[in-house]
Each structure stands twice: as structure tokens, then as C-alpha cells.
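S.K.: kindly generate the corresponding structure for this input.
(2 chains)
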Amino acid sequence: KQEVTQIPAALSVPEGENLVLNCSFTDSAIYNLQWFRQDPGKGLTSLLLIQSSQREQTSGRLNASLDKSSGRSTLYIAASQPGDSATYLCAAPARGSYIPTFGRGTSLIVHP
Amino acid sequence: DVKVTQSSRYLVKRTGEKVFLECVQDMDHENMFWYRQDPGLGLRLIYFSYDVKMKEKGDIPEGYSVSREKKERFSLILESASTNQTSMYLCASRNQEAFFGQGTRLTVV
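M.R.: A predicted model of the protein is given here:
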């Protein structure tokens, strides 16, 4: 069974800082990993999908890396802004499964 | 723009009522999912479907059922709503990338 852990659970930073959010997973035989953003009371918005054959993916100020051998992924946010305040979740399927297993998320606050 | 649409953002139902939560996707995805999300517990899988008329139990199926009569539509049914089913319900669909609906905040009183 896949278990996904996200550290830290909460983060508060001043605007402009570069951030690293961490995601670890127990079953490294994944075929992809996905990062999401969730605003309060809303659904999840897909940020980045990394296939198992890729080492990283970039979208604007976001960069996600994947190291399957160590069971880790990181989401790097450059030059953080107050609008980045949200909960960030990662999801990875278990071996042979297409069902995403989610971490508990990192709650991020970027203050002006 | 890809879309997963849930029929309601907010619902208030009485204990014992039968409740239907509808989810429609326009991406021709085979796989669809229902999760519930509660503070401190994260997202928990209720049911999923990998094809029309096919369904599988997730981690917490008790008190719920599902229906998938058409590929684009996946319905979650609360047979007899109870207060412990008050939660945020999230529908998702995927082939490779997963997409979520906007969520339904259900309150059972």
C-alpha cells in the first residue's frame, strides 16, 4: 500500500522567498506523481504531473523534481507571492495502480 | 479547457435522507473517483470506477454507493444520510493526469 508524507505540514514565509515543499512516498514503483494546489473551500487544481521517466517538470515559477530511487519529490516555488497562499498536495499511485494516494498537504501562507 | 463539474457547491440535508452527488467530466476519461476530505484526515477514497457500469470500493465505502451508467457521469449516493457524513466531497477523473471538480460541501443536520 502506498503511503505519502508531506513535510512541513505548515509554512509561513515573507513575500519573495524561494520555497521547497517535500513529498515522500513508500512505494517507488510509481508511474507518475502529481502536485496540486487547493484554496480554502475549493477543489484541487493540478499544478504539475511528472512521469516516472522524468526528473523534473517546470511551469512558470514552479519546478517539481522526482527521485524515484529515494522515494522523494520536491516542489520548488520561486519568488513567492501572497497569491501562492494555499494548501499544496502531492499524490502518487501504488504499484500497479492508477489510484492517486494523497499526502496530508503543506499549508502555505505568504505574507506581504 | 478540461472540466470536472460537480452538481452542487453546497448542500444541506436532513438525517435519513437519500442524497445524490453528481459528477460530470468532459475529457472522455475512463477512471473516475469520489473522495471525502475532512480536517486532519486528508483525502480518503470512497469509491472509484474504471469503466461504465464498473465500480470498486475504496477505503471508506460504508454508507455510500455509486452509479456509472455513462462514461462521463459518476454519481455518489448516500443511502441514508447521517451527521458523520458531513464533509467536503471531491470528484476526480483521470487517464494520466487527474482533474478535480470544485467540491461539494455537504452538511447533514
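S.K.: which residues of chain B lie near chain A?
M.R.: Contact residues (CB under 8 Å from any CB of the partner chain) of chain B with chain A: B:4, B:6, B:31, B:33, B:42-43, B:45, B:48, B:50, B:58, B:88, B:90, B:92, B:94, B:96-103, B:105. Any C-beta I mention is one placed from the backbone N, CA and C, and that applies to glycine too.
S.K.: one more time with 10 Å, if that's ok
M.R.: Contact residues (CB under 10 Å from any CB of the partner chain) of chain B with chain A: B:2, B:4, B:6, B:9-10, B:30-31, B:33, B:35, B:37, B:40-45, B:48, B:50, B:56, B:58-59, B:88, B:90-92, B:94-105.
S.K.: my read: B:Y47 touches B:L76, true?
M.R.: Yes: using CB atoms under 10 Å, B:Y47 is in contact with B:L76, at 7.0 Å.
S.K.: who touches both of these two?
M.R.: Common neighbours of B:Y47 and B:L76, using CB atoms under 10 Å, 6 or more residues apart in numbering or on different chains, are B:34-35, B:64-67.
S.K.: mind listing the strands the helix or strand bottoming out on mean pLDDT in chain A pairs with, and their directions?
M.R.: Least confident helix or strand, chain A: strand A:100-102 with a mean of 92, by mean pLDDT, DSSP states H and E. According to DSSP bridges, strand A:100-102 has the following sheet partners: strand A:86-93 (antiparallel).
S.K.: what mean pLDDT does the strand it pairs with have?
M.R.: Throughout strand A:86-93, pLDDT has a mean value of 96.
S.K.: report the distance from it to the chain centre.
M.R.: 5 Å (CA atoms, centre = their mean, to the nearest Å).
S.K.: what comes up buried for it?
M.R.: The neighbour-count check on strand A:86-93 (16 or more other CB atoms under 10 Å in any protein chain shown) flags A:86-93 as buried.
S.K.: next one: stretch B:60-75
M.R.: So for stretch B:60-75, counting by 16+ other CB under 10 Å, buried means B:64, B:66-68, B:71-72, B:74-75.
S.K.: got it, and stretch B:6-17?
M.R.: So, applying 16+ other CB under 10 Å, buried residues of stretch B:6-17: B:6, B:11, B:13.
S.K.: with just CA atoms, put the strand or helix carrying the second one into CSV.
M.R.: Assigning secondary structure by DSSP states H and E places B:L11 in strand B:10-13. Output in CSV follows, covering the C-alpha atoms of strand B:10-13 (Å, rounded to 0.1, in the frame of the first residue of the first chain):
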residue,chain,number,x,y,z
TYR,B,10,-23.2,23.4,-1.0
LEU,B,11,-25.9,21.1,0.2
VAL,B,12,-27.8,20.8,3.5
LYS,B,13,-29.7,17.6,4.0
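S.K.: avg pLDDT for that strand?
M.R.: 98.
S.K.: that strand: partners in the sheet, and parallel or antiparallel?
M.R.: strand B:104-108 (parallel).
S.K.: centre of the chain to the strand it pairs with, how far?
M.R.: 12 Å.
S.K.: list the buried residues for that strand?
M.R.: Buried positions in strand B:104-108, judged by neighbour count with 16+ other CB under 10 Å: B:104, B:106, B:108.
S.K.: no more questions from me, cheers.
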